[in-house]
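Colleague: have a look; sequence and predicted model below, questions after that.
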Amino acid sequence: MYIGIDVGGTCTDAVLLDRGLVRAMAKVPTREDLLSSLLEALDEIMKGVEGELVERVVFSTTVITNLIAEKKYDPVGLILMPGPGLSPSLYRFPTDTYIIQGAIDYRGREIIPLRLTEVDQAVAELAARGYHKVAVVGKFSCRNHRHEKEVAARVRWNYPDWHVELGHQVAGQLNFPRRVVSAYLTCATREKYQFFVRSVQEAIAQRGIKGAIFILKADGGTLPLESSLEVPVETIFSGPAASTLGVQALTPPGETAVVVDIGGTTTDLALILSGQPLLASRGARVDDMLTHVRALAVKSVPVGGDSVVERVGKDIIIYSERLGAPYCLGGPMPTPTDALRVLGLTRLGDVDRAREAMQMLGAPLGLSVAEVASRVTTRVIETITREIEAMFSRWEQEPAYRVWEVLQKKKVRPGTVVGVGGGAAGFVSQIAARLGCYPVIPPYAPVANAIGAAVARPTLQVTLRADTEQGIYIIQEEGYQGKITERSFNEEKALELAKEWLCKRAARHGLEDCVEGLEVTRREVFNMVRDWVTVGRLIDVTVQTRRGILHHVGAGGTSDEK
Amino acid sequence: MRNKKTGLVFFPAFDWAISPTHPEREERLLYTRDQIFEEGVLDLPEIEEYAPRLATIHDIARVHFCVPRVQSQVTEAHLIAAGSATLLADAIVHGELKNGFALVRPPGHHAMRVVHGNRGFCNINNEAILVEYLRRHHGIKRIAIVDSDVHHGDGTQDIFYHDPDVLFISFHQDGRTIYPGTGFPNELGGPGAYARTINIPLPPGLGDETFHYVVDNLILPILEDFKPEFIVNSAGQDNHFTDPLGSMRFTARGYAEFTRKLNPHLAVLEGGYAIETALPYVNLAILLALAGHDYSYVREPEWPGTMPENPERVARVQRVVEQLRNVWENRDRVDLDKIFGAGTFFQRRKHIYYDTDYIEEEQLERVRRCPNCPGYITIDSRADHGYGHPSRVFCVSIPFTACGACQTEAYDAYEQARGLAQYQFVYLQDKSTDTFLAFDRDKDQEWVSEGPKVGE
């Protein structure tokens, strides 16, 4: 049996899946103490079920999201080695930043040596300002991490108990400013996250569950809870990923659909293209900073069932904030939910109070209760539809760097709009109509997010970059730099090596089972030519375990999607 | 208008090359990609990356006579490179962008009006296609192209040699020391476009200081007089001190300063083959300069600092600058008949060598000296591919602003050539109505391309 728990901003949802069928579900309010909400939901679905029967528990959590949003972490200083390029004044990081000498180029060659006395000076100043955490990041450190390691050693030589985070360990992709932010946030949250993970492990063990515990990441993959300690920031934004995977599990395989998750204050939009959720082409924005965190392409629209509606002059405006429950449920202000209630599109709350709310809005304008209600819902529908259209054009506007990519780009439009979340029932059919799609509200829509968490696959990837001229290779995710000894090293051997590393990585995380059916997601080979002679090759290979879900729900059994 | 964004199309064509070891190959923009991505430049709010788009066959036919037809001379990569320039131009004209950089491959400034094959790594001329596109789709008339490639932009010069509304300025390494061997100060444009072509040959080995002397004392003053509505920079980067093909000593910072001063609407990448030591830094610096950012921290690892210039060569450049300023200032006072003769047609013979495809072409170009318009052009072209019979074609080009008489005469010339057995293909390019005709003698067939009309 599988358990999925999604700790959201307002509600914590949980499901118990038994061979692809939903056996129990629960919805409890999310409290300040996340752990207690989590356990309450868990206990509710576990009634009468032995802990030993649970093979795996997957949950998504807002713990890191909250830590970052509320800035509940110790200050982190930055020591950076940007080398030549953009003016450092263009990088605005929200903390004390020290820029020191030292530079690596795009092929990992040192172009400016370090000056360690500068490290001593930076550390002394940071210490004087009360810091004991520091992130050390160099430009192109993902191609050669020597400078970062040397600086870290120097910091520790000065202050052995400082917490030092290195850029290349946090993110292997190119983009120095994003690597800085990712390292900064990792450094800031690691300790608190560790504390949370330990309490979860303890609590779940107390419930007699011996199955594996996983955590959902923003990209829709799962990680063993223990391994997530290495990359705490990747657990941010796992909520939208959970509902998208839930829709994937609740709809037929291979479908192209828009996921519309209408909550109380926001509506999250996501795309499923030919059965696979779309990943954002660049890392996620966290607290208005750009990071390397891989995430599903989710757009959050600030409108939901509980958004405040007000009359301003002759206009009716929907605000992006929530001031409590809808009027029909005893709240203080009219909301879109009240409009839905009046139009008979929901059965939530008291219809008389809902009419009263519409009356308040419409009376000064001479509008009937029904007219106001339809105006409010139309506004909501228009806003969401516009965002969906924009999302598709943005996706079509993604850059392409190869001829075939440009040529194969075509306009894909979804056939269905799948609604989940509280407000879905009232709005989705009209949104779909405007887009010329079929509306779908799958069974278990209110707990689709928990289902998504329950069926999410573990994901691991390994990116190998080999430079045969220099005779070196790098495993980005591991921060490993090795030598190529074979003289006949080529693309095929690079692929083999990458697969070996993925297996090793899987073993380290206790995920030996998932290395079957590996996917090669990137494969690039460039000849390096000097004076008309090929002197070497640059080979980039990314292999990953299969992305997606373990099985569809409701279909019964563990019918893997093809 | 200066608070708007800088648009970028980055199209490295990672799956397109002339040949595996050719300088114009897949690897060319690889390190530029790494540098731009790692800097996080694309996350800057002032820079917006666009997805590339394909130019249409008609966009090409508006400029070139491709033999036998457009499809046989271009690959999709060419269409994407040219289309990316027009895409950015659209956004600039519509006011979404203040300027743009088409960081694309393959390049184009050696491609001439008639195209029998690949010359100097180019098949079609991205800047020329852009210019005709701007005139046709946006009604922009006066355009300046400043070519900063180490090689003379002979293709662009050829296409606009008789066009009084396009100012073409090229500075480059002296043609006696480098391909294509042209671009001397006496090449000043035809009788209807005198001094609309300005060539500044530079002796090998010159650095930033003299480069900026030319910019400040010649290029910028001429531009100020000409008052173009749109400025294109044919941004070749092989004047860099590490370039394997050129012998100049410009730096990334020198290029960036030039970009800042020129303030072009659109920069289109041309040459530059120091793919590791120059391109990542020069491209980054140009992009920052276009976006109005500080580029003083961009410094190539081998940066030599300030370099002493050879005084004798600097003096030579100063003389050329003085001479050309003189030409420019007196452009409306010269007796054109004395230079070009007094006939109704001006004609010149050209010998064109296609270095990549080993084609020898002989051309007789005639332009009608019309008092009311720039005059139509005919080209009798014979290309020897080194095998079989040379192919011979006849081309007629009617300018955008043609008068009725020239248009009628040009159609007559086309009809007449259709009746002459020596021409395998006869072409007519009517820019005034945006219509293109091609006649294939063997098949006794005529193709017509009318393309989209304005506003479509």
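Modeller: Nice, I can see it. Numbering: from 1, shown residues only, chains lettered A, B, ... in the order given.

Colleague: who are the packing partners of the strand or helix carrying B:Tyr31?
Modeller: B:Tyr31 belongs to helix B:30-39 when assigned by DSSP states H and E. Applying 3 or more Cβ pairs under 8 Å, 6 or more residues apart in numbering or on different chains; DSSP states H and E, one finds that helix B:30-39 makes contact with helix B:279-290. The C-beta positions use only the backbone N, C-alpha and C, and glycine is treated the same way.

Colleague: now do the buried residues in the helix or strand that the helix it packs on is followed by.
Modeller: As assigned by DSSP H and E, the chain's next helix or strand after helix B:279-290 is helix B:311-329. Neighbour-count burial for helix B:311-329 flags B:313-314, B:316-317, B:320-321, B:324, B:327-328 (criterion: 16 or more other Cβ atoms under 10 Å in any protein chain shown).

Colleague: helix B:311-329 packs against which elements?
Modeller: On a contact count with 3+ Cβ pairs under 8 Å, 6+ apart, helix B:311-329 meets strand B:197-202, helix B:208-214, helix B:220-226.

Colleague: which residues sit against the last one?
Modeller: Where contact means Cβ atoms under 8 Å, 6 or more residues apart in numbering or on different chains, the residues beyond helix B:220-226 that reach it are B:142, B:144, B:146, B:167, B:169, B:198, B:231, B:261-262, B:325, B:328.

Colleague: ok, back up a step: CSV please, covering the helices and strands packed on helix B:311-329 and showing mean pLDDT and mean neighbour count.
Modeller: Shown next, in CSV, are the helices and strands packed on helix B:311-329 (pLDDT from 0 to 100; neighbours: other Cβ atoms under 10 Å in any protein chain shown):
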stretch, mean pLDDT, mean neighbour count
strand B:197-202, 98, 24
helix B:208-214, 96, 20
helix B:220-226, 98, 16
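
Colleague: any chance of those in CSV, plus distance to A:Val57?
Modeller: Output for the helices and strands packed on helix B:311-329, formatted as CSV (distance: least, Cβ to Cβ, whole Å):
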stretch, distance to A:Val57
strand B:197-202, 72
helix B:208-214, 65
helix B:220-226, 69
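
Colleague: tell me which of those lies nearest to A:Pro336.
Modeller: A:Pro336 lies closest to helix B:220-226 among those, at 57.3 Å (Cβ to Cβ).

Colleague: now find how far off-centre the closest one is within its chain.
Modeller: A distance of 19 Å separates the centroid of the chain from that of helix B:220-226, by Cα atoms, centre = their mean, to the nearest Å.

Colleague: now do the contacts for A:Val298.
Modeller: Residues near A:Val298 by Cβ under 8 Å, 6+ apart: A:237, A:240-241, A:244, A:268-270, A:280.

Colleague: give me the nearest residue to it, chain neighbours excluded.
Modeller: A:Pro240 (4.1 Å; Cβ to Cβ, 6 or more residues apart in numbering or on different chains).

Colleague: quick check, A:Ala432 in a helix?
Modeller: Yes - the assignment for A:Ala432 by DSSP: H, G, I helix; E, B strand; the rest coil puts it in a helix.

Colleague: how many other residues sit next to it?
Modeller: Applying other Cβ atoms under 10 Å in any protein chain shown, we find 22 residues neighbouring A:Ala432.

Colleague: got it, and A:Gln201?
Modeller: Neighbour count for A:Gln201, taken as other Cβ under 10 Å: 13.

Colleague: now do it against A:Ile213, distance only.
Modeller: 7 Å (Cβ to Cβ, to the nearest Å).

Colleague: who touches both of the two?
Modeller: Residues touching both A:Gln201 and A:Ile213 (Cβ under 8 Å, 6+ apart): A:Leu225.

Colleague: poorly predicted segments of chain B, please.
Modeller: The model of chain B has pLDDT under 70 over residues B:1-3, B:451-456.

Colleague: which stretches in the stretch 1-150 of chain A count as strands?
Modeller: Assigned by DSSP state E, counting those that start in this stretch, the stretch 1-150 of chain A shows strands spanning A:2-7, A:11-18, A:21-29, A:56-60, A:77-81, A:97-99, A:103-104, A:110-112, A:133-138.
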